[in-house]
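> Everything below, folded, please.
(one chain, ligands or ions: 1)
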Amino acid sequence: MAQQDENILKKVVSHAKEYGFVFPSSEIYDGLGAVYDYGQNGVELKNNIKEYWWRFMTQLHSNIVGIDAAIFMHPTTWKASGHVDAFNDPMIDNRDSKKRYRADVLVEDAIARIEDKIEKEVEKAAKRFGESFNREMFLTTNPRVLEYQSKISETNVRLQHAMNANDMAAMKQLVLDLEITDPVSGTRNWTDVRQFNLMFSTDMGSIAEDANKIYLRPETAQGIFVNFLNVQKTGRMKIPFGIAQIGKAFRNEIVARQFIFRMREFEQMEMQFFVKPGEELKWYEYWKEKRMRWHHALGFGPENYRFHDHLNLAHYANAACDIQFNFPMGFKELEGIHSRTDFDLKSHEKYSGKKIQYFDPEDNQSYIPYVIETSIGLDRMFLATLSNAYREEKLEDGSERVVLSIPPALAPQKVAILPLVKKDGLPEKAEKIMDDLKYDFRCFYEDKDAIGKRYRRMDAIGTPFCVTVDHQTLTDDTVTLRYRDTMKQDRLKIAELRSSLKEACSLTSLLKRL
Ligand code: GAP
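Numbers count the residues shown, from 1 in each chain. Here you go, the predicted structure:
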């Protein structure tokens with residue numbers, strides 16, 4: 001991570017705390033690793049992101065319905081899903097720094113460094129050859145680049161083998177062969193690699209027997225799979241159809257750094273789309289395009305997203321990719337899109353002994369549907385929104401401001417109602433406006449401090465509009481409307497406020513842009 005970007009992440013973290021977006025959990029006891037609380041502004045932003053996702057997925061797709069399944073599930077669920085046996089991460093410690101890492105992540109980082117080297121070679125050659133430079137030809141003929149590429153391919157094959165065969169000795173050898181050093185101690189004094197199951201467990205009932213061991217769900221998806229028949233039958237759903245869910249998930253992450261990017265308690269927004277076997281790859285492409293469109297509509301810049309295809313496919317998947325976002329730490333996974341075949345439903349059928357199939361009236365046959373999954377971390381989406389919105393600006397008068405340019409439809413507060421002074425009947429007039437608008441928009445009222453100071457506070461929490469009530473308001477029922485991003489002001493009639501704000505701030509307007 002570049003020094004400057006690391007600084008941006010630090011600034012976002014401290015801004016999030018200072019302005020009531022995100023606090024470390026139980027901070028008075030020095031916090032709890034990788035667990036966070038959302039404050040008064042954070043919860044509004046989070047709810048707005050949820051609503052944007054929920055309405056897009058369920059309201060704009062008549063063949064998708066939602067559910068809200070329990071966090072606790074029958075323990076056999078996790079045997080059937082494969083999580084009890086295989087939801088592991090390979091962990092490794094450095095004996096000198098005493099730091100713990102995921103061995104596969106160390107290897108992937110090493111691959112990324114080789115990829116960077118290739119890019120540097122490309123940049124150098126592009127400069128040298130100028131207009132006549134042919135990137136494709138260079139990548140397929142330059143001896144040094146070919147050597148790097150062959151190293152990447154060999155490493156990928158070895159990584160895939162070690163993960164699939166659960167061969168932790170091979171994983172350690174890979175770390176050693178790649179000469180990976182601990183970024184903290186700078187040494188290669190590594191322990192053996194051990195598998196670590198990421199599920200949290202607890203006991204249900206009053207008698208602590210093994211049979212009562214249950215898990216906190218590590219993904220919301222299984223709540224959808226076990227309810228497939230319930231929803232299909234009661235909703236008379238016809239394939240293709242989807243089931244969406246938003247809810248908490250829990251993972252005992254080995255390395256939990258980077259703020260809310262990797263948490264031990266987090267929230268997922270997942271949708272399982274059930275299709276006819278053989279049609280899954282068509283629907284996989286469909287959902288890749290749809291989900292990317294959902295992201296792009298927010299205006300964070302298309303250059304900040306990219307697809308990353310999975311080379312090491314899980315045994316049950318026949319296609320998978322991530323939508324990566326350009327976080328302050330670089331491009332990282334924001335959302336996963338997976339073609340999961342019929343693995344989950346088939347496995348639940350086997351473990352439960354219940355037939356989980358769909359009768360297709362068109363084909364007059366029953367089958368276990370295939371599944372395309374879209375899965376996005378709400379907290380990661382929150383971080384993407386916050387880090388993209390954070391700006392430090394130098395103004396014409398030499399002063400500085402920090403502004404969160406959050407898309408208005410997601411902003412925690414839509415409009416601040418500010419009487420210019422706290423006298424002459426201006427607060428009363430402002431309160432009247434607030435009373436009128438508060439049913440449609442989250443409004444914020446403030447009459448303390450100079451108006452400039454109040455504008456700055458609203459900029460810092462990303463409020464897209466400030467309505468200022470001044471003496472002229474009392475005579476002609478007009479106010480000034482100040483725009484957060486440009487700081488420009490318009491004078492308009494109080495009666496026109498609602499329609500202007502609605503057009504700019506409503507989720508409906510945002511959804512219509514999709
Ligand atoms: N049901 C599929 C599934 O859970 P995943 O790739 O493990 O797939 C999906 O997780 C999404 O959940 C990720 O793309 C990420 O946004 C989010 N996520 C996963 N682990 C997380 C964590 N520890 N903290 C925050 N978000 C996480």
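> Residue 327 - nearest residue in space that isn't next to it in sequence?
In this structure, residue 327 finds its nearest non-sequential neighbour in residue 387, 6.0 Å apart by CB to CB, 6 or more residues apart in numbering. Every C-beta, even on glycine, is put in place using the N, C-alpha and C of the backbone.
> Now do the one you found against residue 411, distance only.
Distance of residue 387 to residue 411, computed by CB to CB, to the nearest Å: 16 Å.
> Please apply the same query to residue 192.
The value you get for residue 192 to residue 411, if CB to CB is used, is 50 Å.
> Looking at the two, which is more packed in?
The neighbour comparison of residue 192 against residue 411 (other CB atoms under 10 Å) goes to residue 411, with 26 against 12.
> who touches whichever residue of the chain sits closest to the ligand in this structure?
Proximity of the chain to the ligand (CB to the nearest ligand atom) peaks at residue 377, 2.5 Å away. Neighbouring residues of residue 377 by CB atoms under 8 Å, 6 or more residues apart in numbering: 266, 267, 268, 269, 334, 335.
> Now render these as a markdown table, adding distance to the ligand, neighbour count and pLDDT.
Listed next are the contacts of residue 377 as a markdown table, based on distance: CB to the nearest ligand atom, whole Å; neighbours: other CB atoms under 10 Å; pLDDT from 0 to 100:
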| residue | distance to the ligand | neighbour count | pLDDT |
| --- | --- | --- | --- |
| 266 | 4 | 21 | 98 |
| 267 | 8 | 21 | 98 |
| 268 | 5 | 21 | 98 |
| 269 | 9 | 22 | 98 |
| 334 | 6 | 22 | 98 |
| 335 | 5 | 23 | 98 |
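> Filter those down to the ones in strands?
Of the contacts of residue 377, the ones assigned to strands by DSSP state E are 266, 267, 268, 269, 334, 335.
> The lowest-mean-pLDDT helix or strand in the chain: how far from the chain's middle?
Ranked by mean pLDDT, DSSP states H and E, the weakest helix or strand in the chain is helix 3-18, scoring a mean of 86. With CA atoms, centre = their mean, to the nearest Å as the basis, helix 3-18 stands 18 Å off its chain's centre.
> ok, now stretch 194-214?
For stretch 194-214, the distance to the chain centre is 28 Å (CA atoms, centre = their mean).
> Stretch 227-241 now?
28 Å.
> And that stretch, what's buried?
Applying a neighbour-count criterion of 16 or more other CB atoms under 10 Å, one finds 227, 228, 229, 231, 232, 237, 239, 240, 241 buried in stretch 227-241.
> Could you list the residues in contact with that stretch?
Outside stretch 227-241, the residues that touch it by CB under 8 Å, 6+ apart are 63-65, 67, 69, 243, 273-276, 279, 283, 345, 354, 356, 358, 360-361, 369.
> Show me what the helix or strand containing residue 491 pairs with in its sheet, parallel or antiparallel.
Residue 491 belongs to strand 489-493 when assigned by DSSP states H and E. In the sheet, strand 489-493 lines up against strand 478-483 (antiparallel) (DSSP bridges).
> can you tell me the average pLDDT over the partner strand?
With pLDDT averaged residue by residue, strand 478-483 scores 98.
> Then stretch 425-435?
On average, stretch 425-435 scores 97.
> Residue 430: which of the buried residues of stretch 227-241 is nearest?
Set against residue 430, the nearest of those by CB to CB is residue 231 (48.0 Å).
> For the closest one, give me phi and psi.
Main-chain torsions, residue 231, degrees, to the nearest 10: phi -70, psi -40.
> Could you count how many residues lie near residue 25?
If you count neighbours by other CB under 10 Å, residue 25 ends up with 16.
> go on, the one 5 residues further on?
With neighbours defined by other CB under 10 Å, the count for residue 30 comes to 7.
> Repeat that for residue 214.
For residue 214, using other CB under 10 Å, the count is 19.
> where does the stretch 201-350 of the chain dip in pLDDT?
Scanning the stretch 201-350 of the chain for pLDDT under 70 picks out the ranges 207-211.
> Alongside the ligand, which residues does it contribute?
Within reach of the ligand by CB under 6 Å from any ligand atom, the stretch 201-350 of the chain has these residues: 219, 221, 251, 253, 262-263, 266, 268, 270, 333-336.
> in the stretch 351-500 of the chain, which spans are helices?
378-389, 426-437, 451-461, 471-476, 494-505 (DSSP state H, counting those that start in this stretch).
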